[in-house]
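> return a 3D structure for these sequence lines:
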Amino acid sequence: EVQLVESGGGLVQTGGSLRLSCTASGLTFDEHSLAWFRQAPGKEREGVIYISSEGGTHSADSVKGRFTISRDNAKNTVYLQMNNLKPEDTAIYFCAAEWATIYDEDWNKASEYEYWGQGTQVTVSS
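Okay, the predicted model is just below:
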């Protein structure tokens with residue numbers, strides 16, 4: 001059984017930082033592309049940032065220069081470092097994994113990913 005478990009969410013003030021972690025089990029981690037999505041109340045789930053199995057990355061314009069993604073294949077863990085957080089970053093953050101090839105233009109489509117975590121809440125106060 002594949003499991004993705006996120007951790008690290010919480011409440012932070014504007015301008016603060018958080019690091020989210022997502023640890024996977026039940027899959028060949030180093031062969032999977034990984035991404036972080038987020039969903040704010042009343043909004044659709046949106047792709048935030050992505051890392052391929054080879055280490056290539058993509059990110060949404062709204063987080064460029066503030067968020068970075070990294071992976072530790074030895075620990076089966078993907079990280080999301082979030083700096084200079086803004087109230088509009090408030091959302092539930094989900095990690096996702098996919099074994100099949102994801103084309104560059106499709107990295108932010110939720111339908112491309114087979115496996116999902118349960119999510120972790122990030123709240124940024126103004």
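> show me what the residue most central in space within the chain is bridged to.
By CA atoms, centre = their mean, the chain has its centre lying nearest to W36, at 1.7 Å. Bridge pairing for W36 (DSSP bridges) gives the partners I49, C95.
> for W107, give me phi and psi.
According to degrees, to the nearest 10, the main-chain angles of W107 amount to phi -60, psi -30.
> quick one, grab the pLDDT at the residue nearest to the centre of the chain.
W36 is assigned 98 on the pLDDT scale.
> and if you look at S59?
98.
> how about low-confidence regions in this protein?
The chain contains no residues with pLDDT under 70.
> can you pull the contacts of E114?
The contact partners of E114, by CB atoms under 8 Å, 6 or more residues apart in numbering, come to A97, E98, W99, A100. Where C-beta positions appear, they are placed from N, C-alpha and C, glycine not excepted.
> which of the residues you listed are buried, as a PyMOL select command?
Buried subset of the contacts of E114, written as a PyMOL selection, criterion 16 or more other CB atoms under 10 Å:
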select buried, resi 97+98
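> with secondary structure and distance to T77 added, can I get the contacts of E114 in a markdown table?
Converted to a markdown table, the contacts of E114 look like this (DSSP: H, G, I helix; E, B strand; the rest coil; distance: CB to CB, whole Å):
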| residue | secondary structure | distance to T77 |
| --- | --- | --- |
| A97 | strand | 12 |
| E98 | strand | 17 |
| W99 | coil | 17 |
| A100 | coil | 21 |
